[in-house]
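Visitor: Test case, fold it:
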Amino acid sequence: MKYTDSYGDRQSVPDMADEAMQNYLKAANLVEFKDWLKIGTDPKENKLDLFWYVTKVLLIPDYAVVKNGFIYLVEVKGTLKLKESDYQKLMEMHYKARRYDKVKVGLFYFKNPHDEPKWFHAEKIHDLWIDPRTEEGYYPEKDVDGKAKLYRVLPSV
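Guide: Just a heads-up that it's a prediction; the model follows:
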C-alpha cells in the first residue's frame, strides 16, 4: 500500500501499525483495559459519515498505555511521514500534559509488524519539526478544509 492509493483503497486493508502496536503491548504482557486502551478514532473501524470532523474536534491519542509508573499518550504510525495535523495534535496534548510528571506524549513508529517500535517523545518531534533540514512534502489529497496536507519526514534512526 502506498500513499498515492485512494482513501478507499487505504482503508480497505488492515492497519499494519495498529496491529503491530497491539501485538507489541500483548508481548509485553500488558493487559487491555487494565494497562492499555485503544481510544483513538479510526476510520477503518468507524464508518460514520462526516467522520473527518471528529478528528478535527477531539483531542485524543490512538492509545493510552500505563507502564513503569507512567501513562503514555501514544500516536501510532507505520510511516515516518508525520502530517502537520498529527504534529499539531501531539503538541497540543504535550502542552496540556506538561504539568503532570507521570504523563508522556509521543508516537510509536513501526517500520514493519515484527520490528521493535521507535519511540519519538513530543519534545523530540517538535525539535525535528522546526529543524530546517527535516524533509517535507505535501500529500496529493486535500484536508477537510481543502488545504494541501503538509508532512515532514522523521529520521529513521
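Visitor: What is the burial count for residue 68?
Guide: Neighbour count for residue 68, taken as other C-beta atoms under 10 Å: 6. Every C-beta, even on glycine, is put in place using the N, C-alpha and C of the backbone.
Visitor: now swap in the one 3 residues further on and tell me
Guide: The burial count assigned to residue 71 is 16, neighbours taken as other C-beta under 10 Å.
Visitor: Quick check: chain neighbours aside, which residue is closest to residue 86?
Guide: Using C-beta to C-beta, 6 or more residues apart in numbering and skipping residues adjacent in sequence, the residue nearest residue 86 is residue 75, 6.2 Å away.
Visitor: now swap in residue 122 and tell me
Guide: residue 94 (3.6 Å).
Visitor: can I assume the one you found is in contact with residue 124?
Guide: No - Residue 94 lies out of contact with residue 124 (C-beta atoms under 8 Å); the separation is 10.7 Å.
Visitor: Between the two, tell me which one has more neighbours.
Guide: Using other C-beta under 10 Å as the criterion, residue 94 and residue 124 rank with residue 94 on top: 19 against 14.
Visitor: Could you check the pLDDT of the residue nearest to residue 102 when sequence neighbours are not counted?
Guide: Once flanking residues are discounted, residue 102 sits nearest to residue 70: 5.4 Å by C-beta to C-beta, 6+ apart. As predicted, residue 70 sits at a pLDDT of 98.
Visitor: Please name the residues that touch residue 70.
Guide: Going by C-beta atoms under 8 Å, 6 or more residues apart in numbering, residue 70 touches 102, 103, 104.
Visitor: List phi and psi for it.
Guide: Per-residue torsions, residue 70: phi -120, psi 160 (degrees, to the nearest 10).
Visitor: now it: how far from residue 131?
Guide: Using C-beta to C-beta, to the nearest Å, residue 70 is found at 27 Å from residue 131.
Visitor: Identify, among the helices and strands of this structure, the element with the weakest mean pLDDT.
Guide: helix 7-11 (a mean of 47; mean pLDDT, DSSP states H and E).
Visitor: which is the next helix or strand following that helix?
Guide: helix 16-27 (DSSP states H and E).
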